[in-house]
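Colleague: Okay, here's the prediction I keep looking at, along with the sequence it came from:
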Amino acid sequence: MLNLKTGKVKFDEPLYLESGRILPEFELAYETYGELNKDKSNVIVVCHALTGSHHAAGRYENEQKFGWWDALIGEGKGIDTSNFFVICVNILGSNFGSTNPLSIEKSTGKQYRLRFPVLTISDVVKAQMRLFEHLGIERAHAVVGGSLGGMQVLCFAIEFPNFAKNVIILASTYQSKAWAIAFNKIAIEGILRDPGFKDGQYDENDIAAQGLTGMALGRMAGHISFLSPSSMDSKFGRNYVETDGLYELTGRFQVDRYMEYNGHGFPKRFDPLSYLYIVKMMNIFDCTRHYDDLAHALLPICAKVTLVAFSGDMLFPPSCMREMHETLQGIGKACDYHEIDSDYGHDAFLVEVDKFEKIIKKVLDE
């Protein structure tokens, strides 16, 4: 039984941010699955990626779409809700229920917009720890996440070393590299330079209805980084749209239509300001920034670490995860490394669950 429940908690207390700024109050939306046992020892924290949300599994009434990791979370699945109590929190900055740039600033009574403070992954994790404390959760059996979710997992392991027994990081890195930052730059420029953005003073209802061209184009570029040449060839090849003429200037290949669908639909469901702030969070992520080197950064970790990389991932290539594995081994930390043979690309951690589900199940069952 999935036992899907949603919740939201408002904290009427300040959150002191890494930047030196303060959120005087904040809200966090979250979703849970399964049942919490008596001693609260069966908690699994799932961390979502850049454009994800707290809706990780199951399906809401009257909706067709399942949660983004539904293939992994549920009764009898890799994260088995018959045994575990799973919680996924919508991160600060995201427009799916938690405090974000469109939230009301207490001191002005107006939306934050561009007055919203820049957040870091550490800020996001610290806010989640406030929520867990509120819920009476002192420890987690495991914290699991991929991509930006994996960055959160690493922060949990380093900054709250006694919180989790196991940490599982998929398709992620210990710092954002230039390649990923470059792809994000296209989306950032597209949003900021689109006249419809109006220096952050756009009408969100207009964007939800009509989209934002600059953001759509940036999303198309970003989407390419989530896939791979092989996966795009196998999915689309050189197939042409049946209703378009080959010699029409604007005639499209099937891959063109796919990019249009993903690009132009994205701004209608994801707020441009939230995207800017979360991309900034991802770009500045570097777990070594307060340490001499990677080894010193990873030294506080007490949890057993499981790293899962994907061979076709161009956004966060396996080399980043291998470096973490070698460093953790070098400082005597418990760490397992798995490199999944995949042609799918970065999004393999969302799509090819069957290739790593047993790895996660084995870690959790131990």
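Modeller: Noted; the coordinates are in hand.
Colleague: pLDDT on stretch 209-222, on average?
Modeller: Stretch 209-222 carries an average pLDDT of 95.
Colleague: which other residues reach it?
Modeller: The contact list for stretch 209-222 (Cβ atoms under 8 Å, 6 or more residues apart in numbering) reads 183-184, 186-194, 196-197, 202, 259-260, 262-268, 272, 275. All C-beta spots, glycine's among them, are computed from the backbone N, C-alpha and C.
Colleague: And for stretch 187-206?
Modeller: 101-102, 113-114, 207, 210, 212-219, 221-222, 271-273, 275-276, 279.
Colleague: can you rerun that using 7 Å?
Modeller: 102, 113-114, 212-215, 217-219, 221-222, 271-273, 275-276, 279 (Cβ atoms under 7 Å, 6 or more residues apart in numbering).
Colleague: Repeat that for stretch 12-26.
Modeller: With Cβ under 7 Å, 6+ apart, stretch 12-26 has contacts from 10-11, 92, 99, 106, 117-120, 122-123, 126-127.
Colleague: Now it: average pLDDT?
Modeller: 97.
Colleague: Export that stretch to PDB, keeping only CA atoms.
Modeller: Below are the C-alpha coordinates for stretch 12-26, written out as PDB (Å, rounded to 0.1, in the frame of the first residue of the first chain):
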ATOM      1  CA  ASP A  12       7.500  31.300  11.800                       C
ATOM      2  CA  GLU A  13      11.200  31.500  12.600                       C
ATOM      3  CA  PRO A  14      14.200  32.700  10.700                       C
ATOM      4  CA  LEU A  15      16.400  30.600   8.400                       C
ATOM      5  CA  TYR A  16      19.900  32.000   8.300                       C
ATOM      6  CA  LEU A  17      21.300  31.500   4.900                       C
ATOM      7  CA  GLU A  18      24.900  30.800   3.700                       C
ATOM      8  CA  SER A  19      24.900  34.200   1.900                       C
ATOM      9  CA  GLY A  20      24.400  36.000   5.100                       C
ATOM     10  CA  ARG A  21      20.800  36.900   4.300                       C
ATOM     11  CA  ILE A  22      17.800  35.700   6.300                       C
ATOM     12  CA  LEU A  23      14.400  34.200   5.400                       C
ATOM     13  CA  PRO A  24      12.300  35.500   8.300                       C
ATOM     14  CA  GLU A  25       9.700  32.700   7.800                       C
ATOM     15  CA  PHE A  26       9.300  29.900   5.300                       C
END
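Colleague: Direction included, what does the helix or strand containing Ala142 pair up with?
Modeller: Using DSSP states H and E, Ala142 falls within strand 140-146. Strand pairing for strand 140-146, determined by DSSP bridges: strand 43-47 (parallel), strand 164-170 (parallel).
Colleague: how about those strands in JSON lines, adding distance to Tyr240?
Modeller: Converted to JSON lines, these look like this (distance: least, Cβ to Cβ, whole Å):
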{"stretch": "strand 43-47", "distance to Tyr240": "40"}
{"stretch": "strand 164-170", "distance to Tyr240": "35"}
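Colleague: and those, which is most packed in?
Modeller: strand 43-47 (a mean of 27; mean count of other Cβ atoms under 10 Å).
Colleague: That strand: how far from the chain's middle?
Modeller: In terms of Cα atoms, centre = their mean, to the nearest Å, the centre of strand 43-47 is found 13 Å from the chain centre.
Colleague: pLDDT (mean, whole number) over it?
Modeller: 98.
Colleague: With neighbour count added, can I get the contacts of stretch 12-26 in JSON lines?
Modeller: Shown next, in JSON lines, are the contacts of stretch 12-26 (neighbours: other Cβ atoms under 10 Å):
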{"residue": "Lys10", "neighbour count": "10"}
{"residue": "Phe11", "neighbour count": "17"}
{"residue": "Leu92", "neighbour count": "28"}
{"residue": "Thr99", "neighbour count": "26"}
{"residue": "Lys106", "neighbour count": "11"}
{"residue": "Pro117", "neighbour count": "19"}
{"residue": "Val118", "neighbour count": "15"}
{"residue": "Leu119", "neighbour count": "25"}
{"residue": "Thr120", "neighbour count": "22"}
{"residue": "Ser122", "neighbour count": "21"}
{"residue": "Asp123", "neighbour count": "24"}
{"residue": "Lys126", "neighbour count": "18"}
{"residue": "Ala127", "neighbour count": "23"}
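Colleague: circling back to that earlier point, to Ala178, which of the strands paired with strand 140-146 lies closest?
Modeller: In terms of Cβ to Cβ, the element of the strands paired with strand 140-146 nearest to Ala178 is strand 164-170, at 20.8 Å.
Colleague: I'd like the distance between the residue nearest to Gln175 when sequence neighbours are not counted and Lys268.
Modeller: In this structure, Gln175 finds its nearest non-sequential neighbour in Asp286, 3.9 Å apart by Cβ to Cβ, 6 or more residues apart in numbering. Separation of Asp286 from Lys268 (Cβ to Cβ, to the nearest Å) stands at 32 Å.
Colleague: before we move on, the earlier item: please produce JSON lines containing the contacts of stretch 12-26, extended by distance to Thr243 and secondary structure.
Modeller: What follows is the contacts of stretch 12-26, written out as JSON lines (distance: Cβ to Cβ, whole Å; DSSP: H, G, I helix; E, B strand; the rest coil):
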{"residue": "Lys10", "distance to Thr243": "50", "secondary structure": "strand"}
{"residue": "Phe11", "distance to Thr243": "53", "secondary structure": "strand"}
{"residue": "Leu92", "distance to Thr243": "44", "secondary structure": "coil"}
{"residue": "Thr99", "distance to Thr243": "45", "secondary structure": "coil"}
{"residue": "Lys106", "distance to Thr243": "53", "secondary structure": "coil"}
{"residue": "Pro117", "distance to Thr243": "48", "secondary structure": "coil"}
{"residue": "Val118", "distance to Thr243": "45", "secondary structure": "coil"}
{"residue": "Leu119", "distance to Thr243": "45", "secondary structure": "coil"}
{"residue": "Thr120", "distance to Thr243": "47", "secondary structure": "coil"}
{"residue": "Ser122", "distance to Thr243": "50", "secondary structure": "helix"}
{"residue": "Asp123", "distance to Thr243": "48", "secondary structure": "helix"}
{"residue": "Lys126", "distance to Thr243": "52", "secondary structure": "helix"}
{"residue": "Ala127", "distance to Thr243": "48", "secondary structure": "helix"}
